[in-house]
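K.L.:
Structure here, sequence nowhere to be found:
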């Protein structure tokens, strides 16, 4: 794995963990508690494991899907954020709202939608910058 890959892993993981922790367990902890859907003893290592898996997959996918050298890193960041932000939202917000008991589906969806938007607004440019170095964004392909 290249240096850019590991920088992209860190670009996703380093902001996502504290952002998720403070958003869910500090800043909006009372709002989430009012939703009556989260366990009292949150298992942080499982959440961190999820983030590590996401970081590895996003870092692998970025140069293959968004690393076109003809476009700017800003364009890659925007496309990455929109694509994976919507995908993450569809995995983490919609099915939870559909399946789990909670005091307010609307409140949950608003909180988690805002979190997902903030998360990808922060990490997308960082992941794109990790691949900004010359040639780093082009995935290695087998000759035809």
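P.N.:
Sure thing, it's come through. The structure presented is a predicted model; accordingly, all values stated were derived computationally and were not measured.

K.L.:
how about the particular helix or strand that has residue 118 in it: buried residues?
P.N.:
Secondary structure from DSSP states H and E places residue 118 in helix 105-130. Under the neighbour-count criterion of 16 or more other CB atoms under 10 Å, helix 105-130 has 108-109, 111-113, 115-116, 119-120, 122-130 buried. Any C-beta I mention is one placed from the backbone N, CA and C, and that applies to glycine too.

K.L.:
what does stretch 8-16 give?
P.N.:
8-9, 11-13, 16.

K.L.:
Let me have these in CSV, extended by secondary structure.
P.N.:
What follows is the buried residues of stretch 8-16, written out as CSV (DSSP: H, G, I helix; E, B strand; the rest coil):
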residue, secondary structure
8, helix
9, helix
11, helix
12, helix
13, helix
16, helix
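
K.L.:
Can you list the low-confidence ranges for this protein?
P.N.:
Where the chain drops to pLDDT under 70, the residues are 69-70, 133-144.

K.L.:
Is residue 131 in contact with residue 63, as I believe?
P.N.:
Yes - assessed by CB atoms under 8 Å, residue 131 is found in contact with residue 63 at 5.6 Å.

K.L.:
about what we covered before: which secondary structure elements does the helix holding residue 118 sit against?
P.N.:
The helices and strands touching helix 105-130, judged by 3 or more CB pairs under 8 Å, 6 or more residues apart in numbering; DSSP states H and E, are helix 3-22, helix 29-35, helix 44-65, helix 73-92, helix 94-99.

K.L.:
So what touches the fourth one?
P.N.:
With contact meaning CB atoms under 8 Å, 6 or more residues apart in numbering, helix 73-92 is reached by 54, 58, 61-62, 65-68, 112-113, 116-117, 119-121, 123-125, 127-129, 131-132, 137.

K.L.:
quick check: angle from it to helix 3-22?
P.N.:
Counting by axes from the mean of the first three to the mean of the last three CA atoms, to 10 degrees, helix 73-92 points 50 degrees away from the direction of helix 3-22.

K.L.:
For helix 73-92, what is the distance to the chain centroid?
P.N.:
Its chain's average C-alpha position is 8 Å from that of helix 73-92, according to CA atoms, centre = their mean, to the nearest Å.
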